[in-house]
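1. Test case, fold it:
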Amino acid sequence: MNSYLEIVFDLPLEQSFSYRCDDRGEASPGKRVIAPFGKRELLGYVVDAGDKIPAFPSLEKIKPILRVIDKEPIFDKTDIALSRWMTSYYLCSPGEALGAMIPSGRRAVSDTVFPWDFDSSIDQGCTNSFANRTDISLSTEQQDALEKISVLADMACMKKPGSKKTDGLNMAYLYGITGSGKTEVFLRLAERILKMGRSVIYLVPEISLTHQTAEIIGRRFGTAAATLHSAMTGSERLGQWMRIRRGEARIVAGPRSAVFAPLRDLGLIIIDEEHDGSYKSGNSPRYHARQIAMHRSSAEGALLLMGSATPSAEAWKLMQEGLIRRYSLSRLLSGGKPPDIIPVSLEKTAGSLSDELKEEIRQTFMMKRQTILFLNRRGFAYFYHCLNCGFELGCKRCSVSLTYHKSKNKALCHYCGYETRPPVSCPQCGSLEAGFSGFGTEFIEEEVRNTFPGLRIQRADADTTGKKGSLKEILGKFKAGEIDILLGTQMVAKGLNFPGVRLVGVVFADTGLHLPDFRAAERTFSLIVQVAGRAGRFFPDGRVIVQTLRPYDPVILKACSLDVEGFFKAELAQRSALGFPPYSRLIRLVIRSRKEEKAHKAAGRLAVLARPLLPAEGEILGPAECPIGMQNRSYRVQLLFRGPSMGILNRAVKATLKQYEKEKENTVYIEIDVDPVQLL
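-> Coordinates of the predicted model:
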């Protein structure tokens, strides 16, 4: 029986803490416990245990834990090792790293395991469940890619886990247009890995895609499959987690956090839609699932297979350099062809729908086919302006405009949740020549309903899919042909496969094009190409209308011509000239305070401390006010550490923060973002 425990907490504290074991001796490494921490009682993670007396001024001051939560360990030495790597790479605490990995449920739910219907007669072993799939003949391209990637998978699985040699053998990329059959190649390779006795992680970027992928994997692999995603309750996630840990599930599907699935004998990690920004966490630790997957594949002797029609700039560069093996799929398999994509100017359009788009919607309905309308902005209108005095209605807590939601008759901030009633007249001068302009998904829904009163229309955005299962229900109805027009935000733009869709309308392509962020062009290009891929997947008559105020912008034109090669040639040349990723590495510090002066003062002090600690090949950009200068009543100032390698930056930031710790103010907070995907 162990006498002492080493425990970490999900707090920004680097050290672990010593406690006495419980009287029954139930606490052990890998379990969660409740322990006293100051005047609070906190959940902690036991990372070590033993009889050695901790170095402590007084043994009487070592407190006992209060209770043990878990009957069996929910994490092991491999998980602890991964959390320590995350602590070093992402400059977070060990407890924060484990907190990001481990489900939060207190009790595992065992009676609601599968989110799909499956044949209960399927054998527990996954090999017998392969017969559950319909045999699909692979194209020559698919077969060739599968055979070559299988060779890499065999070689990766034979490599010694933890090998640091970067020869590209453990990373491959399936680059192909939407509808070219990437998913089937992923699944065939997963079958191969499972037959070898190893396990598979299958990552998708969005919850909407998780349901679709989970159903496919559930039908294919039966009880050998599991899912992990944030829409599940903590107890449901814990139930799945423990099935995986016990070896009852050997293929796991899910979004970002599924990369931590505690699978034994990991042989393959698949990252579908690798380019997608949702693989990056927005909270500490701000990890990127792709980076975690790279580390795990190397540490555990597995193959990392990524795929997309629009790879990230980082992946594209690595493919050019041969560090990632690239395999291409260039043909649609289901009888369709790449859709005709037409840029249409909005300059003289009244409302949000151009004449060209309206006519295509009518034609599509007459053909008994379906339409998707996409706009990456929810709400009714997003900009309040007075023509008389120039007053703009912004959030009182953030430096952003409020968005008008007509259904709620409220003006809302999408960053902090602040809300107010929309003013009848200008709050500053009383003029009636003031109001909201611009349009969001709610505005489009109203205009579409007024223009096409006989059509069945459904909106899918954060305002209409808040209820659990609602998005899955909407997509199910659309797939069944019960909806004529589906309009929404990013959740309808990616990966979804609907045979009835003929037309896609990008209502306003310019939404994020000229944001003050070096990835703005890449995100806009990818989004247009991805949403265009929803049209005409099964018929050769797909149409895409891209509405824009900049019909001759090079990014818009390259997206409309599906010119991925041309886009990256221009984009990478610009990134290289400006010294931004993938030609450099970045660490972003965001300094926050309720007092503007303190935020700027702290940022200036950090810059002074950092400059002599950074080698000549590195540099510091800033301090400068963030593009969104205030958020939730906190003023925001940023520092960018830029250099040729992450090791240089990591050491400099650690040393800077260590020196700053001695004189920091409690009213100033620092957010650390390693490899940031946006700079807003």
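2. excluding its backbone neighbours, what's nearest the most centrally placed residue in the chain?
-> When C-alpha atoms, centre = their mean is applied to the chain, the residue found nearest the centroid is Ser278 (1.6 Å). With sequence-adjacent residues excluded and distances taken as C-beta to C-beta, 6 or more residues apart in numbering, Ser278 is closest to Pro205, at 4.6 Å. Just so you know, the C-beta spots here come from the backbone N, C-alpha and C atoms, and that holds for glycine as well.
3. What about the one you found? Give its phi and psi, please.
-> phi -80, psi -30 (degrees, to the nearest 10).
4. correct me, but it touches Val259?
-> No. Using C-beta atoms under 8 Å as the test, Pro205 is too far from Val259 to be in contact (11.9 Å).
5. Could you report the pLDDT at the residue nearest to the centre of the chain?
-> In this model, Ser278 is scored at 91, pLDDT.
6. ok, now Leu402?
-> At Leu402, pLDDT is 77.
7. thinking again about what came up before, residues contacting the residue nearest to the centre of the chain?
-> Each residue near Ser278 by C-beta atoms under 8 Å, 6 or more residues apart in numbering is listed here: 205-206, 255-256.
8. Show me the helices in the stretch 251-400 of the chain, by range?
-> For the stretch 251-400 of the chain, helices defined by DSSP state H, counting those that start in this stretch occupy the ranges 289-300, 313-321, 355-366.
9. circling back: among the contacts of Ser278, which one has the lowest pLDDT?
-> Glu206 (78).
10. tell me, which strand in the chain spans the most residues?
-> In the chain, with assignment by DSSP state E, the single longest strand is strand 619-631.
11. quick one: strands adjacent to the helix or strand following that one?
-> As assigned by DSSP states H and E, the chain's next helix or strand after strand 619-631 is strand 634-643. Strand 634-643 has the following strand partners under DSSP bridges: strand 585-593 (antiparallel), strand 619-631 (antiparallel).
12. Now Phe374: closest residue in space, sequence neighbours ignored.
-> Val531 (4.8 Å).
13. thinking again about what came up before, how far out from the middle of the chain is the longest strand of the chain?
-> 23 Å (C-alpha atoms, centre = their mean, to the nearest Å).
14. quick one: contacts for the residue nearest to Lys31 when sequence neighbours are not counted?
-> In space, and not counting its chain neighbours, Lys31 is closest to Asp70: 4.4 Å by C-beta to C-beta, 6+ apart. The contact partners of Asp70, taken as C-beta under 8 Å, 6+ apart, are 30-32.
15. name the element the residue nearest to Phe374 belongs to?
-> helix 520-532.
16. Touching that helix from outside, list them.
-> Contacts for helix 520-532 (C-beta under 8 Å, 6+ apart): 178, 273, 275, 277, 309-310, 312-313, 339, 341, 372, 374, 376, 490, 492-495, 504, 506, 509-514, 544, 546, 555-556, 558-560, 562, 564, 567, 571.
17. show me where pLDDT drops low in the stretch 301-450 of the chain?
-> The stretch 301-450 of the chain contains residues with pLDDT under 70 at 334-336, 377-383, 407, 414, 437-439.
18. And the stretch 501-650 of the chain, by the same measure?
-> Using pLDDT under 70, the flagged stretches of the stretch 501-650 of the chain are 537-538.
19. Repeat the analysis, applying 80 as the threshold.
-> 511-516, 535-540 (pLDDT under 80).
20. measure the residue nearest to Ser278 to Leu375 for me?
-> According to C-beta to C-beta, to the nearest Å, Pro205 and Leu375 sit 19 Å apart.
21. which residues sit in contact with the residue lying closest to Pro262 once chain neighbours are set aside?
-> In space, and not counting its chain neighbours, Pro262 is closest to Arg245: 4.6 Å by C-beta to C-beta, 6+ apart. Counting by C-beta under 8 Å, 6+ apart, Arg245 touches 74, 76, 262.
22. how many neighbours does Ser526 have?
-> 26 (other C-beta atoms under 10 Å).
23. right, I mislabeled it, should have said Ala27
-> Ala27 is flanked by 27 other residues according to other C-beta under 10 Å.
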